[in-house]
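*Asks:* only geometry, no sequence info:
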């Protein structure tokens, strides 16, 4: 549905704040521009040397921003994420406000599920709901292939193409998917469930059903990542949001191999596009995480960056400041960011929070977090780490 149609349906209050294309281009001209041909975050994700540590934040487009709430308070989630004009604006808000080095499209890990025949809705205050969960081999066999992403998910391609045009080389455009494990668990449970009871019961009693579902989702996500890249995504992150439900052995069987198949297939066709693998709860499985072939490993905040460096060596790492730190005073934020930067070292690091930005986070603190990344070269030099190499293992 186009913006004017939404205005006619009573959403004028939100759209009066929608920046027109000319304003977005003006914002792009004011954003920091790297002297090199490619943007900073893209170069670091490829493992290249860079002038400083880049920064973006998971869930950087979210309800902590007043401008975002002008939309979320009046427009349902799927309408926001599946209307390209709105998704473009929401994706750009934090970039304009905080000068992040990455712009991640406003969407959801569940967005491709309806194209597979798994319908969902997002209930305000309760989160996603899948009314017909997948719980048998018959259900798996009824799923659809994702063979025409432009026909089924054209709003995603439209959003990415427009964003790439808007930001140019002023920032890196990130696409993303949910990992097969996380999407399968959501599809089985039907909602967020703290014990993942139904899924883990299926895993233990009928693992062949779970593996079949993981296989189907894996094939779909290979095509979905490729579609995002063709539409302009320069880096793609795989979110394993429910990895914390798995023991290390379960993670090694039901999560990592399927994500690895996506990484291998995408890399074979798009070797120039870096892939980030972020596992929520992955820091409890660093010994398994190091087997990931992703270009960048995203870390939650449950370990120190020093522990991650010792376990993962010179891999490019992303993270991992506790997002609750952003509720503190600027001195506490500076201390946490400095510790993260120093322990990560001046190379092969993308600054981020270890989980999504929390609703209620002061916007000025997000801005300060990003400012510290732009000042990272000075922070590291003061710590005497200008020439330090990451720890080798």
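*Replies:* On my side now, so go ahead. Nothing here was measured: the structure is a model prediction, and the numbers come from that model. Numbering: from 1, shown residues only.
*Asks:* drop to CA atoms for contacts and neighbour counts, all remaining ones
*Replies:* Will do.
*Asks:* any low-confidence regions in the chain?
*Replies:* Scanning the chain with the threshold set as pLDDT under 70 gives 1-36, 386-393.
*Asks:* remind me, longest helix of it?
*Replies:* helix 207-230 (DSSP state H).
*Asks:* what comes into contact with that helix?
*Replies:* Contacts with helix 207-230, where a contact means Cα atoms under 8 Å, 6 or more residues apart in numbering, come from 112, 135-137, 140, 145-147, 149-150, 156-157, 160, 175-177, 179-181, 183-184, 202-203, 235-236, 254, 258-259, 261-262, 265-266, 270, 273.
*Asks:* do that again at 6 Å, thanks
*Replies:* Residues outside helix 207-230 that contact it (Cα atoms under 6 Å, 6 or more residues apart in numbering) are 137, 140, 146, 180, 262.
*Asks:* quick one: buried ones out of these?
*Replies:* 140, 146, 180, 262 (16 or more other Cα atoms under 10 Å).
*Asks:* quick one: contacts for the second one?
*Replies:* Neighbour list for residue 146: residue 220 [criterion: Cα under 6 Å, 6+ apart].
*Asks:* need the phi and psi values for it.
*Replies:* Torsion angles at residue 146 (phi, psi; degrees, to the nearest 10) stand at phi -100, psi 70.
*Asks:* make CSV out of the contacts of helix 207-230 and add distance to residue 102 and secondary structure.
*Replies:* Below are these laid out as CSV (distance: Cα to Cα, whole Å; DSSP: H, G, I helix; E, B strand; the rest coil):
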residue, distance to residue 102, secondary structure
137, 40, helix
140, 36, helix
146, 27, coil
180, 24, helix
262, 22, helix
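*Asks:* state the pair within those that is farthest apart.
*Replies:* Using Cα to Cα, these reach their maximum pairwise distance at 137 and 262, which is 22.6 Å.
*Asks:* how about the helix or strand where residue 153 lies: buried residues?
*Replies:* Taking DSSP states H and E as the criterion, residue 153 maps to helix 149-167. Residues of helix 149-167 classed as buried: 149-150, 153-164, 166-167 (neighbour count, 16+ other Cα under 10 Å).
*Asks:* what's the closest non-adjacent residue to residue 159?
*Replies:* Nearest non-adjacent residue to residue 159, counting by Cα to Cα, 6 or more residues apart in numbering: residue 84, 5.0 Å away.
*Asks:* ok, that neighbour - how many residues close by?
*Replies:* 26 (other Cα atoms under 10 Å).
*Asks:* number of residues surrounding the nearest residue to residue 65 once chain neighbours are set aside?
*Replies:* Distances taken as Cα to Cα, 6+ apart put residue 363 closest to residue 65, at 6.4 Å, once the chain neighbours are dropped. Neighbours of residue 363 under the rule other Cα under 10 Å: 17.
*Asks:* from residue 321, how far off is residue 363?
*Replies:* 16 Å (Cα to Cα, to the nearest Å).
*Asks:* which SSE is immediately downstream of the helix or strand hosting residue 86?
*Replies:* Element membership for residue 86, per DSSP H and E: helix 84-98. As assigned by DSSP H and E, the chain's next helix or strand after helix 84-98 is strand 102-104.
*Asks:* by contact count, what packs against that next one?
*Replies:* strand 172-178 (3 or more Cα pairs under 6 Å, 6 or more residues apart in numbering; DSSP states H and E).
*Asks:* residues in contact with the strand it packs on?
*Replies:* With Cα under 6 Å, 6+ apart, strand 172-178 has contacts from 39, 41-42, 102-104, 109, 233-239.
*Asks:* same deal with stretch 106-126?
*Replies:* 81, 87, 91, 128-130, 143-145, 152, 177-178.
*Asks:* and it, end to end?
*Replies:* With Cα to Cα, one end of stretch 106-126 sits 19 Å from the other.
*Asks:* what residues sit buried inside that stretch?
*Replies:* 106-107, 109-121.
*Asks:* chain center to stretch 154-168, what's the gap?
*Replies:* 16 Å (Cα atoms, centre = their mean, to the nearest Å).
*Asks:* wait, what's in contact with residue 255?
*Replies:* residue 181.
*Asks:* and with 10 Å instead?
*Replies:* Residues near residue 255 by Cα atoms under 10 Å, 6 or more residues apart in numbering: 179-182, 184, 214, 240, 242-243, 246, 248-249, 279.
*Asks:* okay, those residues in JSON lines with secondary structure and distance to residue 229 next?
*Replies:* Shown next, in JSON lines, are those (DSSP: H, G, I helix; E, B strand; the rest coil; distance: Cα to Cα, whole Å):
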{"residue": "179", "secondary structure": "coil", "distance to residue 229": "17"}
{"residue": "180", "secondary structure": "helix", "distance to residue 229": "19"}
{"residue": "181", "secondary structure": "helix", "distance to residue 229": "22"}
{"residue": "182", "secondary structure": "helix", "distance to residue 229": "21"}
{"residue": "184", "secondary structure": "helix", "distance to residue 229": "23"}
{"residue": "214", "secondary structure": "helix", "distance to residue 229": "22"}
{"residue": "240", "secondary structure": "strand", "distance to residue 229": "20"}
{"residue": "242", "secondary structure": "coil", "distance to residue 229": "25"}
{"residue": "243", "secondary structure": "helix", "distance to residue 229": "25"}
{"residue": "246", "secondary structure": "coil", "distance to residue 229": "30"}
{"residue": "248", "secondary structure": "helix", "distance to residue 229": "31"}
{"residue": "249", "secondary structure": "helix", "distance to residue 229": "32"}
{"residue": "279", "secondary structure": "strand", "distance to residue 229": "21"}
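*Asks:* need those residues in JSON lines (columns: distance to residue 48).
*Replies:* Output for the contacts of residue 255, formatted as JSON lines (distance: Cα to Cα, whole Å):
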{"residue": "179", "distance to residue 48": "26"}
{"residue": "180", "distance to residue 48": "29"}
{"residue": "181", "distance to residue 48": "31"}
{"residue": "182", "distance to residue 48": "31"}
{"residue": "184", "distance to residue 48": "35"}
{"residue": "214", "distance to residue 48": "34"}
{"residue": "240", "distance to residue 48": "25"}
{"residue": "242", "distance to residue 48": "31"}
{"residue": "243", "distance to residue 48": "29"}
{"residue": "246", "distance to residue 48": "33"}
{"residue": "248", "distance to residue 48": "31"}
{"residue": "249", "distance to residue 48": "33"}
{"residue": "279", "distance to residue 48": "23"}
